[in-house]
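A.B. asks: Whatever this is, show me its structure:
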Amino acid sequence: MSTKLMEKTANEAADREVGHFETLVDDEKTRVTLWHIKPGQQTGWHLHDFDYLTIQQSEGRLHLDHADGSQRDVDYVPGKAVMIKAPVEHNATNVGDVDIRVLEIEYKY
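C.D. replies: Numbers count the residues shown, from 1 in each chain. All right, here's what the predicted structure looks like:
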């Protein structure tokens with residue numbers, strides 16, 4: 001993930017556990033992160049400084065809270081890819097009843 005906003009997460013979302021993530025690649029051009037978010041877990045507030053691509057690896061539903069106060073739900077479909085333009089500041093919470101897995105690819109250019 002891009003910049004973690006630990007203080008904001010502690011102040012606004014301390015009631016939820018942060019899901020597991022693993023950085024698979026992090027070089028001068030690309031960062032690849034694999035997320036595993038169980039029901040009720042969150043990503044924690046974070047800022048995407050770079051454009052990024054998500055590739056959904058599971059079914060499920062994420063609730064997104066954005067820094068501007070907007071909210072939306074995203075229904076996951078395995079294999080679906082979504083390109084997102086930076087900057088994006090948000091927190092995502094698994095509001096479904098199944099584990100969510102997603103591959104996130106950030107482009108550092």
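
A.B. asks: From residue 93, how far off is the residue of the chain most remote from its centre?
C.D. replies: Distance to the chain centre peaks in the chain at residue 28, reaching 20.9 Å (criterion: Cα atoms, centre = their mean). Between residue 28 and residue 93 the distance, using Cβ to Cβ, to the nearest Å, works out to 32 Å. (C-beta placed from N, C-alpha, C; glycine too.)

A.B. asks: and the gap between residue 60 and residue 70?
C.D. replies: 21 Å.

A.B. asks: Settle it for me: which of these two has more neighbours?
C.D. replies: When neighbours are counted by other Cβ atoms under 10 Å, residue 60 and residue 70 differ, and residue 60 comes out ahead with 23 against 9.

A.B. asks: List the contacts of the nearest residue to residue 66 once chain neighbours are set aside.
C.D. replies: Closest residue to residue 66 apart from its sequence neighbours, by Cβ to Cβ, 6 or more residues apart in numbering: residue 90 at 4.8 Å. Residues near residue 90 by Cβ atoms under 8 Å, 6 or more residues apart in numbering: 45, 46, 64, 65, 66, 67.

A.B. asks: Export those residues as CSV, with columns for neighbour count, distance to residue 54 and secondary structure.
C.D. replies: Listed next are the contacts of residue 90 as CSV, based on neighbours: other Cβ atoms under 10 Å; distance: Cβ to Cβ, whole Å; DSSP: H, G, I helix; E, B strand; the rest coil:
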residue, neighbour count, distance to residue 54, secondary structure
45, 22, 17, coil
46, 19, 13, strand
64, 15, 11, strand
65, 18, 17, strand
66, 12, 15, strand
67, 14, 18, coil
